[in-house]
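Colleague: The sequence and its predicted three-dimensional model are supplied below.
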Amino acid sequence: MKKYIILTLIILGFSFSCQDFLDFPPEGEVPVDEFFQSEEDAVKAVNAMYGYLRSWNVSAFNYLILGSLPSDEISKGSSPGDGSWANDYDNFQFTKTQSQIHEFWTGRYEGINLANQVLANVPDIDMSSAVKNRMIAEAKFIRALHYFYLARAYGGVPLIDQIPAGPERAVRTTEEETWDFIETNLREAIPDLPETVPPTEYGRVTAWAAKGLLAKALMYREDWTECKAVSDDIINNGPYVLWDDFYALFRPEQEFCSESLFEVVATQVPGESGLSNSQFAEVQAVRGQFGWGWFIPTDALADAFDAAGDAVRKKVTIIYFGDITEDGDTIQGVDVLEGIAGLPRYNGKAYLPSRVPKETGPYGCDQNIRILRYADILLINAEAAIHAGGDAAKPLNEVRARVDLDPIGSPTIEDIWEERRLELAGEQDRYWDLLRTGEAATVLAKYGFETGKNEFYPIPQKEIDLSGGSVEQNPGW
């Protein structure tokens, strides 16, 4: 049976746009200066950070839309005409006033606010110093994680690192300063985080998870020497190995397995539908059978698997109408999905077998959200080795061997990029990889990508207006 920590959300009474997320709490809610009194209060505040990660604002529509739809691997899906506005992301017609652009921004700043509440208030609580230091470190990791997503999407953003006494205008920092802040938070967190946690604490961040996110941030920064060193440390000294069965890897029994560095706990809490609130799987699941049928794999992705002879990962990643899964479910759903002319298909990594009982909450609320896997670390290490020197073939071929692909003796950078495409397909990495490698201008041109504009999303116009113009818009918008 899956073990987990129950992440009870607390309402700290703050609204969260860049201008107004630091307002005073409304009547009827516990003021912050009355809440943070004990170690128990601190634990609740930390749990709130984790619980928020599975919320609609962070792990559902805006997360999947901005992280998937503009890529060549995912299309909108669903029934033709349903949510037709989302096609703007498939063809790069989205604007600076659209709601998903704004909700991605505010959702991350809401999470940052929860981390800042911990960082501002927990140091003054009379409690165990070891527990206190760990909670502060966890908050720095969570804050860095939210800024990691913001930096990829928008470039430089306002860095909010405290709870101001009153309303303040946001000031945008540079992209470099934003990455500096992410790296600093992670490096400060690592010494006070445990290397492992017991099953009762699965879902809480470890030092290795922080090192993993650091390695990924360093990859985006193209700090290849340090990226190689950090990923080497994880490979040589960490407790991780690839799970041998790629299909089983994405089923509930393998949550927090030997390949997992960090994942968001999404679980049913009996009698608490409000806490069983993850819709990450539901919105992607088989339409008319399990869920909504959005975010479907494209023919381009299927062709890439075929070209590589990668039958194992294709079968797991793309489940087609009529397939019978290894768990015995026959994939049915609907006859037609928007965005493809062929056989309806769905993201198999978000599939939760029907054998998993559902008592409360949406379909798939028991499906954890994998944020960082060991396979990603191996491929980060391989890419760093191409640039900084070292053996790129060994980590690359470890990933390939699991899915019965022949080794590559002298891999090129393109080999590693393609391996990332196939290994991490449907996991909200492909679009960001195309942007960071400069491949987007070529690969996505036929979908409407414009060089000099689409390297970043626009800063939400509402946030620029709220700032009185102190937050500047990205080029081209």
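Modeller: Looks like it came in fine.
Colleague: low-confidence ranges in the protein?
Modeller: Residues of the chain meeting the criterion pLDDT under 70: 1-33, 165-168.
Colleague: One more pass at 50, please.
Modeller: 1-28 (pLDDT under 50).
Colleague: Can you show me the strands along it?
Modeller: Counting by DSSP state E, one finds strands in the chain at the ranges 74-77, 260-264, 294-297, 318-320, 345-347, 369-373.
Colleague: Mean neighbour count and distance to residue 414 added to these, as CSV?
Modeller: Where you see a C-beta, it was placed from the backbone N, CA and C, and this is true even at glycine. Listed next are the strands of the chain as CSV, based on neighbours: other Cβ atoms under 10 Å; distance: least, Cβ to Cβ, whole Å:
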stretch, mean neighbour count, distance to residue 414
strand 74-77, 27, 21
strand 260-264, 22, 26
strand 294-297, 26, 22
strand 318-320, 21, 23
strand 345-347, 28, 25
strand 369-373, 22, 22
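Colleague: Can you say which of these is nearest to residue 196?
Modeller: strand 260-264 (11.6 Å; Cβ to Cβ).
Colleague: May I ask you to confirm that residue 87 is in contact with residue 76?
Modeller: Yes. At 5.9 Å, residue 87 counts as touching residue 76 under the criterion of Cβ atoms under 8 Å.
Colleague: hey, what's in contact with both of those two?
Modeller: Here residue 87 and residue 76 have 338-339 as joint contacts, going by Cβ atoms under 8 Å, 6 or more residues apart in numbering.
Colleague: if I pick the most centrally placed residue in the chain, what's in contact with it?
Modeller: By Cα atoms, centre = their mean, the mean C-alpha position of the chain lies nearest to residue 371, the distance being 5.0 Å. Counting by Cβ under 8 Å, 6+ apart, residue 371 touches 145, 261-264.
Colleague: Repeat that for residue 384.
Modeller: 218-219, 224-225, 227-228, 231, 390.
Colleague: go with 7 Å
Modeller: 219, 224, 227-228, 231 (Cβ atoms under 7 Å, 6 or more residues apart in numbering).
Colleague: ok, and the most crowded of those residues?
Modeller: Highest neighbour count within those, by other Cβ atoms under 10 Å: residue 231, with 29 neighbours.
Colleague: So that one sits against residue 382, correct?
Modeller: No. Using Cβ atoms under 7 Å, residue 231 is not in contact with residue 382, being 8.9 Å away.
Colleague: I'd like to know how many residues surround the closest residue to residue 38 other than its chain neighbours.
Modeller: Spatial nearest neighbour of residue 38, excluding adjacent residues (Cβ to Cβ, 6 or more residues apart in numbering): residue 125 at 6.7 Å. The tally of other residues near residue 125 (other Cβ under 10 Å) stands at 18.
Colleague: ok, the contacts of residue 384 vs residue 432, which is closest?
Modeller: Minimum distance to residue 432 across the contacts of residue 384 is 10.5 Å, recorded for residue 219 (Cβ to Cβ).
Colleague: Which residue is the nearest non-sequential neighbour of residue 329?
Modeller: Nearest residue to residue 329 in three dimensions, chain neighbours excluded: residue 354, at 5.3 Å (Cβ to Cβ, 6+ apart).
Colleague: pretty sure residue 349 contacts residue 247?
Modeller: No. The pair residue 349 / residue 247 is not scored as a contact, 9.9 Å apart, by Cβ under 7 Å.
Colleague: Counting neighbours, go ahead and name the busier of the two.
Modeller: Set side by side, residue 349 and residue 247 show more neighbours around residue 349, with 23 against 18, by other Cβ under 10 Å.
Colleague: show me what contacts that one?
Modeller: 250, 316-317, 426-427.
Colleague: how about a cut-off of 10 Å?
Modeller: 246-247, 249-250, 281, 284, 297, 313, 316-319, 367, 370, 424-427 (Cβ atoms under 10 Å, 6 or more residues apart in numbering).
Colleague: before we move on, the earlier item: how much space between the residue nearest to residue 38 and residue 378?
Modeller: 40 Å (Cβ to Cβ, to the nearest Å).
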